[in-house]
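Engineer: prediction below, plus the sequence it came from.
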Amino acid sequence: MAFDPYGIPGTAVVTGASSGIGAEYARRLAGHGWRLVLVARRAGRLEDLAARLRAGTGSRVETLTADLGREEDLARVAGRVAGGDVDLLVNNAGVNGYGPFAEVDPGLLARVVAVNTLAPTVLARAAVPGMLERGRGAVVNVASMLAFAGSLPPGALPHRAVYGGTKGYVVTFSRTLAAELAGTPVAVQVLCPGLTATEFHLARGEEPVAGEEELVHDEGGMPPGDVVTASLAALRSGETVCVPGLVEADAVERLRTAELALRTGTGPSLAPRYTAVEPGPGSGAPRAGR
């Protein structure tokens, strides 16, 4: 399902809007006349961005200072999303919790799961019924190329077992929801950027990056403006999976083909490689399988 963000503007909710990709969505949408509800933890940055957007574009901008890892804050934001006027939801907020799995604080890992998976699920659930009723809407869930890097060891990539797992959830959730809503007036996109030139790698998620100025981590990457350009173009063309730097668009189709091949394993018969030998009881010696 396609959705034209450059058509009739409505109200958009953008989470994680105080910097990076989220702030770029806010700037781009405000420039096209959208009314905005901006959500983030850093009240000062959020209010500064809102003031600049109001002055520069004349758009109506609300701010909600909220930590989506906190149940009460998530409920408050979900209530606003369900308010009846939201045509576009951008679930951009996220934390990384990078580090060796056996060493990262369990509380931080729980926070990664809450912000990266529970929050977009709850907010999408708040948004979609009203969109269906009004006959217009789109949900953009920001994932990561690390969702497709499960087999790759850390090295050039960060230690990311939980972060990668949450982004894998976002990809599967979004694609499955898009299939469920096919034929309705509601579009779903999962945006999978690679390394992006933001401050995302400067904090693991316990606390946001301090200061009022947006920073960029040393690794650099694609400008966030290009990431948002790709996302908005993909909404117009109806792409469910948007990978801003992917030249071979048919790679997504090859992924679907590979998934269909895996699903041939859903039958009632056990694969031969699992029936060849079976250890005998009480010993490590193998015996013939049945």
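Structural biologist: Perfect, I can see it now.

Engineer: how about the strands in this protein?
Structural biologist: 11-15, 35-40, 61-65, 86-91, 137-142, 186-191, 241-242, 277-279, 286-288 (DSSP state E).

Engineer: need those strands in JSON lines (columns: mean neighbour count and distance to residue 168).
Structural biologist: C-betas here are computed from N, CA, C, even on glycine. Below are the strands of the chain laid out as JSON lines (neighbours: other Cβ atoms under 10 Å; distance: least, Cβ to Cβ, whole Å):
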{"stretch": "strand 11-15", "mean neighbour count": "26", "distance to residue 168": "20"}
{"stretch": "strand 35-40", "mean neighbour count": "25", "distance to residue 168": "24"}
{"stretch": "strand 61-65", "mean neighbour count": "18", "distance to residue 168": "28"}
{"stretch": "strand 86-91", "mean neighbour count": "26", "distance to residue 168": "15"}
{"stretch": "strand 137-142", "mean neighbour count": "26", "distance to residue 168": "12"}
{"stretch": "strand 186-191", "mean neighbour count": "26", "distance to residue 168": "11"}
{"stretch": "strand 241-242", "mean neighbour count": "22", "distance to residue 168": "13"}
{"stretch": "strand 277-279", "mean neighbour count": "11", "distance to residue 168": "33"}
{"stretch": "strand 286-288", "mean neighbour count": "10", "distance to residue 168": "35"}
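
Engineer: dump the ones you listed to JSON lines, plus distance to residue 51.
Structural biologist: Below are the strands of the chain laid out as JSON lines (distance: least, Cβ to Cβ, whole Å):
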{"stretch": "strand 11-15", "distance to residue 51": "16"}
{"stretch": "strand 35-40", "distance to residue 51": "11"}
{"stretch": "strand 61-65", "distance to residue 51": "8"}
{"stretch": "strand 86-91", "distance to residue 51": "20"}
{"stretch": "strand 137-142", "distance to residue 51": "25"}
{"stretch": "strand 186-191", "distance to residue 51": "27"}
{"stretch": "strand 241-242", "distance to residue 51": "30"}
{"stretch": "strand 277-279", "distance to residue 51": "69"}
{"stretch": "strand 286-288", "distance to residue 51": "72"}
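
Engineer: dump the ones you listed to JSON lines, plus distance to residue 2 and mean pLDDT.
Structural biologist: Shown next, in JSON lines, are the strands of the chain (distance: least, Cβ to Cβ, whole Å; pLDDT from 0 to 100):
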{"stretch": "strand 11-15", "distance to residue 2": "17", "mean pLDDT": "98"}
{"stretch": "strand 35-40", "distance to residue 2": "22", "mean pLDDT": "98"}
{"stretch": "strand 61-65", "distance to residue 2": "26", "mean pLDDT": "98"}
{"stretch": "strand 86-91", "distance to residue 2": "13", "mean pLDDT": "98"}
{"stretch": "strand 137-142", "distance to residue 2": "9", "mean pLDDT": "98"}
{"stretch": "strand 186-191", "distance to residue 2": "6", "mean pLDDT": "98"}
{"stretch": "strand 241-242", "distance to residue 2": "13", "mean pLDDT": "98"}
{"stretch": "strand 277-279", "distance to residue 2": "53", "mean pLDDT": "72"}
{"stretch": "strand 286-288", "distance to residue 2": "56", "mean pLDDT": "52"}
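
Engineer: out of the ones you listed, the one nearest residue 103 is which?
Structural biologist: Smallest distance to residue 103 across the strands of the chain (Cβ to Cβ): 26.8 Å, for strand 137-142.

Engineer: now for the closest one, which elements pack on it?
Structural biologist: Contact here means 3 or more Cβ pairs under 8 Å, 6 or more residues apart in numbering; DSSP states H and E; on that basis strand 137-142 packs against strand 86-91, helix 119-134, helix 161-180, strand 186-191, helix 224-237.

Engineer: out of the ones you listed, the one nearest residue 154 is which?
Structural biologist: Nearest to residue 154, of these and by Cβ to Cβ, is helix 161-180 at 9.2 Å.
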